[in-house]
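In: quick one: sequence and predicted model below, then my questions.
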Amino acid sequence: MAGVSSATVSRVINSPESVREATRSKVTHAMKALQYRHNGIAASLASSKSNTVGYVVPELHGFFFGSMMSGTEAVLRKANKHMYVAAGHSNVTEEQDAIDYLLARRCDALILHVEAVSDEYLIALAAQNIPFVVVNRFIKEIGERCVALDNELGGLLATQALVQAGHEHIAYIAGSLWKADGQARLNGHKRALAQAGLAYEPLLTYEGTFQAKSGLQGAKSLLETGLPFTAVACGNDEMASGAIEAFRQLNLDVPNDISVIGFDNLEFCHYLSPRLSTVNYPTQRIGEVAAQWILNEVYQKRHISFEHIISPEVILRDSISQRV
């Protein structure tokens, strides 16, 4: 009906940018007229490629994961690839089940944002020549497959921002410390205190869960210790927002009574009152880099270089006051 070869039809379906617009229009018109739908399963059996990428993510809700996945999806879509998503819920069994499920769906490659499976499990997976890239986690033995933020540097920068503002008594609300990023950010906080000649007080550290509610509980718990502090560094923005709410409930002013800094630089930081100072985590960029790794290694689309460890930066807004 379109008056072209089957090879041209294939190019229109699989790489439309390679076909002249006039020809592409004739083929797509014929497809609509014939109510034709491309059979991706049959094509994957013939070509050994399904043009799909599996993504294992801890949760399907929240600003953080949505931003990272949207960065990945945008890059893959431009390359005419599609994405399957499965949640691992930070549980060893569920993460492994999600990986097995996506491989059974004939995904060409995987992006793994996993927190519970061990380094050894991922090293063994790499030894099976399964193409995958790990995000938000760095494992030295498979470092060429990892794209992560320098979380310890981020934790150091957050506390340094408070020290530079004149704060000497600084509390910390950590994310889950069994998670690598939660522990690394706390380590950075400790380093910043040591570099400034300030003592680390364990009672002024509260372990939260990276969720806003734990930030609220953590702020109240820190106040109940009776130990003096004029600032709080938080392991992420959600906990920082919870902490600010706790201080508001107790009639404490942020930043005049207590300064607060978060971590991630999520969009809502602009809309808190006061606007939240934070550490920028380029989640969308990391999602884009993970997708580009797959295009490079699996589909040989383009060959560009990029950093496997990305450096964070402090974003100063209104939630930190200067101490005299």
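Out: Okay, I see it. Residues are numbered from 1 along each chain as shown.

In: chain neighbours aside, what residue packs nearest to residue 240?
Out: Nearest residue to residue 240 in three dimensions, chain neighbours excluded: residue 262, at 3.3 Å (Cβ to Cβ, 6 or more residues apart in numbering). For glycine as for every other residue, the C-beta is placed from the backbone atoms N, C-alpha and C.

In: list the buried residues in stretch 72-80.
Out: Across stretch 72-80, burial judged by 16 or more other Cβ atoms under 10 Å covers 72-73, 75-76, 79.

In: what of stretch 252-271?
Out: Quick answer for stretch 252-271 (16+ other Cβ under 10 Å): 254-255, 258-266, 269.

In: just stretch 227-239 next, same as before
Out: Buried residues in stretch 227-239 (16+ other Cβ under 10 Å): 229-239.

In: export the buried residues of stretch 72-80 as a markdown table, with columns for pLDDT, distance to residue 21 and secondary structure.
Out: Compiled in a markdown table, these are given as follows (pLDDT from 0 to 100; distance: Cβ to Cβ, whole Å; DSSP: H, G, I helix; E, B strand; the rest coil):
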| residue | pLDDT | distance to residue 21 | secondary structure |
| --- | --- | --- | --- |
| 72 | 95 | 28 | helix |
| 73 | 96 | 25 | helix |
| 75 | 93 | 23 | helix |
| 76 | 94 | 23 | helix |
| 79 | 90 | 19 | coil |
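
In: correct me, but residue 141 touches residue 119?
Out: Yes. Between residue 141 and residue 119 there is a contact at 7.3 Å, judged by Cβ atoms under 8 Å.

In: where exactly do the strands run in this protein?
Out: 52-57, 82-87, 109-112, 132-135, 146-149, 170-174, 205-207, 231-234, 259-261, 278-280, 309-310, 313-315 (DSSP state E).

In: who are the packing partners of the fifth one?
Out: This means strand 146-149. Strand 146-149 sits against strand 132-135, helix 283-297, strand 309-310, with contacts defined as 3 or more Cβ pairs under 8 Å, 6 or more residues apart in numbering; DSSP states H and E.
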